[in-house]
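Novice: build me a model from this:
(chains A and B)
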Amino acid sequence: MNPAWLRKDFYRLLEVDENADQAAVEESYRRLIGELRPETSPDDALRYSLLTEAYSVLADSARREEYDRMRAADAEKPAAYAPPPPQAPRSGPWRWMRENLFDGEWWGPIAGNTALTLAVALIGLNLSRFITSYLFDPGRKWSALTYNMKLLMVQAFPQDDMIRIWLSIGILAVLAVWSLASWEIGGRLPLTTLMRRLRFGGGLLAVAAVMHHGAGARTFGLPPVLQIDAPADWSSPRVSVFLVGAAAAVGSHLLIKLIRRPGAAADGEDTPERSVPALALPVIIMAAVSVFLWTARLPVPEGQFEETTGPIAATTARPWTILFAATVAAYFLGLLIQRRYPQPLRRFLLIAWFTSYPVIIMIIQRKPILHWMDILGFGETSFFASDLGTVLTFVILGGAAIWVLALPRSKAVVTGAAAGIGLLILASTFIMEDPPAWLTTLVPIGGLAIDLLLGGLIAAALTAGAWLVADRYESVRLIGSVLMLVAVMVWLRPMPFLFRVLTTVFALAVLLCPTFGGTPTGRRNLVAGWGIAVLVVVSAFRLGIAETGLEYQSTTFLGGFNLTILLAFGGIALSFPLGVILALGRTSSMPIFRLVCTGYIELVRSVPLITWLFFGASMLVAFLPQGVEFDELVGVIGALALFNSAYLAETIRGGLQSINRGQYEAARAVGLSTVQSTSLVIMPQALRAVIPALVGQVIVSFKDTSLVAIIGLTDVLLIARSIIPQQSNPSFQGTIAQMMFFMALFYWVFTFAFSRSSMRVERNVGLGER
Amino acid sequence: MVTPPDPPPPPKASQHARPPFWRNEVILKWVVQVAFLTAFVWLFWIVVTQATANLRATGISFSWDFLREPPGIKLSEGFNTDPATSLEALAAGMVNMLRITWSGIIVATLLGTLIGVSRLSSNWIVSRIANGYIEFFRNIPLLVQIFFWQAIIISAFPDLTAERAGAGWIIPSPKGIAIPWLIPQAGRWQYMALIIAGAVIARLVYRRRIDLQESEGRETHAMAWGVSVLVLFLAAGWFIHPVMGVLGWLFSALAWTMGAAPVLVFQILLAAAAIWAAFHYIKGYLDRRRTPAGMAKMTDEDYFRLSLVGVVGLAAALLFISGTGDTLLSHVLGRTPFFNMNWGLEPLFDFLASRFDFSGGSPLRFTRPEVVVPTRFAQYSQEVGKAFSPGYLSIWTGVTLYTTAFIAELVRAGIMAVPKGQSEASQALGMRRGRRMRLVVLPQAFRIILPPLGSQYLNLAKNTSLGIAVAYAEIVQVGQTIFNQTGQALAVFLIWMGFFAAVSLILSAVVNYYNRKMKLVER
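Specialist: Numbers count the residues shown, from 1 in each chain, chains lettered A, B, ... in the order given. A predicted model of the protein is given here:
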């Protein structure tokens, strides 16, 4: 007998009649439970537990009888006997202050904490007075910021090609929002929490506007902690800031009261709080930004527009609004498609994310000049040497081979495939150029003969090996190994770089066939992955050597915040696979791998990042063969990636060590190979265990990109520190301090928002709960 | 993507006792590893020869000779602002870097502990402000913070005008901040040696009193005893420090020994070390497999491993002792033969021997900072007060406040990891909040946070390299200037690497020592 049962109407909860039989109760319970998603929504989780309790009572005939008896007795009871409602705890601002600010045990019951509160409040108030006075001081040249916003964002990207930047932002924003919709990230935010935050922010703003100093706070005549003077005059921006802050604070406070009232009728029932999707917040912010841009009048650069102070609509309002509309549309479209076709969409999104980076850098922002005739094979080069011909040949022939080898139906099929690949190699020897010198001295037959001999030997070895090895899966592995040898030989021979890379990728794909090709999905993924890899490799090569039609003023067309973001993306994305490999190597049971990986990690970690950046920017070229030259930017991204990978490897190693030994043994016991158990069982768990640390690492990498300012790449920080304050315009000179103030706020907004949203994701995924 | 693969084919009926050699896991593993190692060494060799060839093509060949040549630069600050050789310039840079590291570590630890404790305070405003500090400083790139402090110092302090000429106590200005300082005099070496001796003796006395307290159970005022001994040495040493001139004899003897030792001694020592290391590894490996019933059965893998270690050890010993090894190392490390290099020990001992004599004089002098008329600090020309340059101040403030935020977060996590019962139990014993935190909670929290604290210290040491951004003459900045002038990029890079690795090793050795000392003794 549980008195708490009385407060809940189990029949109404389960939506059944009081006389319903067991089957009806069960059926209704199953239906209601089926609609819930307790793992993503806290509301549903609460309802789930209520429903389960109701079902546990009503499904058990003895407990149901008891419950009915209690209900009957309760209904007959006169109302006067009802237990008095529990006293609501006394609350209110005074009580809160008494408990949280003026309560303590040092030096008597109150005095110590009160003194502490007063002292800290004095320091805090004066510090914020100092900051607000600094911000609102008429001497601050904030127009230096609005004038140079474009410079900060994209450096000297040509004005006529700005559409490229907007397009890149659009692609990234749409992808991000789409992923949020389809991965169901975000969850719901209680409305009162939102309002409380708004109240806090508004209050802070209003207080900040009031606290503005009279005397300029530009000099440290006195420590800022002790400046107590009259407030300054009210200027119009100050008044408007104060009004906006106060209105937001009062409005949200009233709204909280309004929301609270229905819930305050304390009948003891746990009414779920009203909530909004967490994504509503960024949407509201973006909408507000759009409105602001259409209406606000800020100084804009002279000469580019008719007025020097116009609505920003003259510059960026239209693109922002279009972007805003596109992201909102992408969100709902993402939700819709996710409901209809969940699987293909996820695959598409993943591919889109992977290809967005090269596409944005190499095509959209770079404006390559392409010779389409050569690409399509109608120009001077033959069709098979052209890009289209290469792609088609490799995708069709390689895809077919992978498809056959992924599921070896019979030995004859495998042998046939091996013979086909061997014949192709033999045929391709005709295309090969001269053999290397060591080979001709070793075997004194020159030129084509030796190529033919070698090709024939490989073809024969492939076919014979595939036939001789008893197990079909083993013969596929053997073919993969022979192909790997061929790939190594290909790297020793003079031939187009593109073919070397493609051959190596093909050998890898064949090696993966027996591991992942066991199911129809796995086979499809393998073939699709092969096709995408060929496309990406070929287009990267074509675009890498294409000239750019962009006229830019500095060493690279990337600059400003654009450069920062691309460095962060590139550094993190490239470091991830390397980090995984290093972590596996460091935890490997093979001593040489362990030694090399440990040595690498410790070596990289022992020296600060800035020295690696110097290394990448100016010394790396000295280690490479002569004639190999690349942009400073590539060296810097490489250095960032190598540096990040060592730290990532340590993080991932932590995850690997947290995996129970039983997982390895269980994976072994069901017959998974080492590669399979690592990639399908161990790694997913290990990565999931260290998501918080990985996010922390990503934030650190983002902050670390600011170091490229030291080696002279024009990222956003270098522009803010050196370029803007050194411009000839007198209203920009001497603005380093306020520029740094803005930079601090700028980076802070990004990192703080990222860490907070990642915390929410962790909570939703349920990390740290098991 | 993540679909379970088909079950592998069922095992064949006839299972061999041993798989064929191409499926033998041990053999496969070692073949792959040896192949990898060969490829790795081969690649390394290619890169080294390529780099040598490239450098030769540009007319700069790798050598350490530039270290003995004049650097052609002056440092803005440090113990040696006008170095005669590049080596001296780099040494001054290293000392500048260490100045920031040690003071930053101390201040960041104290401040971080304070803020971490405040973060958990029951006082709302205190915990909010601590939280705000952490969130703010942790999420802004350090470089932005350093630039910010530099901009503040340059633009916010009043200029050094003619009216401000003369002595003062604390003088802030765009050229830095000057404060009163104790200037060391000729007798400082003897005085320092005496203080070190005093600290050792004070420590012994402290230990003795603690032992007495533990054995007899009465209050022995151990701390008071130790401090008074140290103060006694400090006071008496002011007058009797010339006694320590005795040490001069010791150092000159050491310097003579270093100079007399032939190169062969170093070679033999290194070779012996290589053989000893290999022998030690093999012996330890065998010892772990020795059971009361005799030697455990060795697998193929064990034999592989042991023979590999033996071969590598012998090869290293041969390399060190033979002329080839010398030539090879010289080839890699520069033209000066490796073993003939003066490792800096002999001049160091010579230097120390020249400092310790029996002359008297006060070891320190108190001075106040002064502004001289062409509006600069007098300290740059003569020793009055101590002027901290804007570069030093901005990098120190930036690095310290940044690390403080991380340490505060660690301290908070450490305190929360201490079981609540500990705090409640001490409350039940009648301890006040301050004592509870100081004597019960914090010691246990520090046991938890020591390892991550060590890595924060390492980060701080590495972050001082950002001094290059504000023209503070620390090791990276000096090194970068030198390689711009001489073109010896690789040599400078190796020096950086060696220096930072040494600092990391020393720091982690200290942290590990305390970690071992504070660890719970498990039964």
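
Novice: okay, buried residues for stretch B:182-192 please.
Specialist: Within stretch B:182-192, the residues that count as buried by 16 or more other C-beta atoms under 10 Å in any protein chain shown are B:187, B:188, B:189, B:190, B:191, B:192. Quick note: C-beta positions are derived from backbone N, CA and C, even for glycine.

Novice: got the phi/psi numbers for the nearest residue to the third one once chain neighbours are set aside?
Specialist: Right, the one you point to is residue B:189. Ranked by C-beta to C-beta, 6 or more residues apart in numbering or on different chains and with sequence neighbours excluded, the top spatial neighbour of residue B:189 is residue B:355, at 4.4 Å. With angles defined as degrees, to the nearest 10, residue B:355 sits at phi -80, psi -30.

Novice: measure residue B:355 to chain A for me?
Specialist: Going from residue B:355 to chain A by C-beta to the nearest C-beta, to the nearest Å gives 33 Å.

Novice: next, count neighbours for that residue.
Specialist: For residue B:355, the neighbour count with other C-beta atoms under 10 Å in any protein chain shown is 18.

Novice: again, but for residue A:55
Specialist: If we define neighbours as other C-beta under 10 Å, then residue A:55 has 20 of them.

Novice: okay, buried residues for whichever strand or helix holds it please.
Specialist: For residue A:55, the element it lies in under DSSP states H and E is helix A:42-58. Of all the residues in helix A:42-58, those buried under the rule 16+ other C-beta under 10 Å are A:42-44, A:46-48, A:50-51, A:53-55, A:57-58.

Novice: please save the CA atoms from it in CSV.
Specialist: Taking C-alpha atoms only, helix A:42-58 is exported to CSV below (Å, rounded to 0.1, in the frame of the first residue of the first chain):
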residue,chain,number,x,y,z
PRO,A,42,13.1,14.6,-20.7
ASP,A,43,9.3,15.1,-20.9
ASP,A,44,8.9,11.7,-22.4
ALA,A,45,11.2,10.2,-19.9
LEU,A,46,9.0,11.5,-17.1
ARG,A,47,5.9,10.3,-18.8
TYR,A,48,7.5,6.9,-19.4
SER,A,49,8.1,6.4,-15.7
LEU,A,50,4.6,7.5,-14.8
LEU,A,51,3.1,5.1,-17.4
THR,A,52,5.2,2.3,-16.2
GLU,A,53,4.2,2.8,-12.6
ALA,A,54,0.5,2.9,-13.6
TYR,A,55,0.9,-0.3,-15.6
SER,A,56,2.8,-2.0,-12.8
VAL,A,57,-0.1,-1.4,-10.5
LEU,A,58,-3.0,-2.1,-12.8
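
Novice: output the lowest mean pLDDT helix or strand found in chain A.
Specialist: In chain A, no helix or strand scores lower on mean pLDDT, DSSP states H and E than strand A:309-311, which sits at a mean of 48.

Novice: could you point out which element follows that one?
Specialist: According to DSSP H and E, the helix or strand after strand A:309-311 is helix A:317-340.

Novice: buried sites along the helix or strand that that next one is followed by?
Specialist: Sequence order places helix A:342-358 as the next helix or strand after helix A:317-340, per DSSP H and E. Applying a neighbour-count criterion of 16+ other C-beta under 10 Å, one finds A:345, A:349, A:356 buried in helix A:342-358.

Novice: is it possible to get a markdown table of these that adds distance to chain B and pLDDT?
Specialist: Formatted as a markdown table, those follow (distance: C-beta to the nearest C-beta, whole Å; pLDDT from 0 to 100):
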| residue | distance to chain B | pLDDT |
| --- | --- | --- |
| A:345 | 14 | 76 |
| A:349 | 13 | 84 |
| A:356 | 19 | 88 |
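
Novice: what about residue 362, how many neighbours?
Specialist: No chain specified, so I'll use chain A. By the measure other C-beta under 10 Å, the count of residues near residue A:362 is 18.

Novice: that was the other one, I meant chain B.
Specialist: 13.

Novice: chain neighbours aside, what residue packs nearest to it?
Specialist: Of all residues not flanking residue B:362 in the chain, residue B:185 sits nearest, at 6.1 Å (C-beta to C-beta, 6+ apart).

Novice: what's near enough to touch that neighbour?
Specialist: For residue B:185, the contacting residues are B:361, B:362, B:363, B:364, B:365, by C-beta atoms under 8 Å, 6 or more residues apart in numbering or on different chains.

Novice: would you convert the residues you listed into CSV that also reports distance to residue B:165 and pLDDT?
Specialist: CSV is the format used below for those (distance: C-beta to C-beta, whole Å; pLDDT from 0 to 100):
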residue, distance to residue B:165, pLDDT
B:361, 31, 72
B:362, 28, 77
B:363, 30, 79
B:364, 26, 81
B:365, 22, 81
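
Novice: neighbour-wise, which of those residues leads?
Specialist: residue B:363 (20 neighbours).

Novice: separation between that residue and chain A?
Specialist: Distance, residue B:363 to chain A, by C-beta to the nearest C-beta: 34 Å.

Novice: related to what we said a few turns ago, quick one: which of the buried residues of helix A:42-58 is nearest to chain B?
Specialist: Comparing those against chain B with C-beta to the nearest C-beta places residue A:42 closest, at 24.1 Å.

Novice: rewinding a little: possible to save the contacts of residue B:185 as CSV with secondary structure and distance to residue A:653?
Specialist: Output for the contacts of residue B:185, formatted as CSV (DSSP: H, G, I helix; E, B strand; the rest coil; distance: C-beta to C-beta, whole Å):
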residue, secondary structure, distance to residue A:653
B:361, coil, 57
B:362, coil, 56
B:363, coil, 51
B:364, strand, 50
B:365, strand, 54
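
Novice: chain B contacts on the stretch 451-600 of chain A?
Specialist: Residues of the stretch 451-600 of chain A found near chain B (C-beta under 8 Å from any C-beta of the partner chain) are A:470-473, A:515-519, A:521-522, A:525, A:590-593, A:596.

Novice: could you list which of those residues belong to helices?
Specialist: Within these, residues falling in helices by DSSP state H are A:472, A:473, A:515, A:516, A:521, A:522, A:525, A:591, A:592, A:593, A:596.

Novice: you'd agree the last one is up against residue B:40?
Specialist: Yes - counting by C-beta atoms under 8 Å, a contact exists between residue A:596 and residue B:40, whose distance comes to 6.3 Å.

Novice: these two - which one has more neighbours?
Specialist: residue A:596 (18 against 12).

Novice: list the contacts of that one.
Specialist: Residue A:596 sits in contact with A:585, B:36, B:37, B:40, where contact means C-beta under 8 Å, 6+ apart.

Novice: in a helix, that's where the third one is, yeah?
Specialist: Same thing as residue B:37. Yes - under DSSP: H, G, I helix; E, B strand; the rest coil, residue B:37 sits within a helix.
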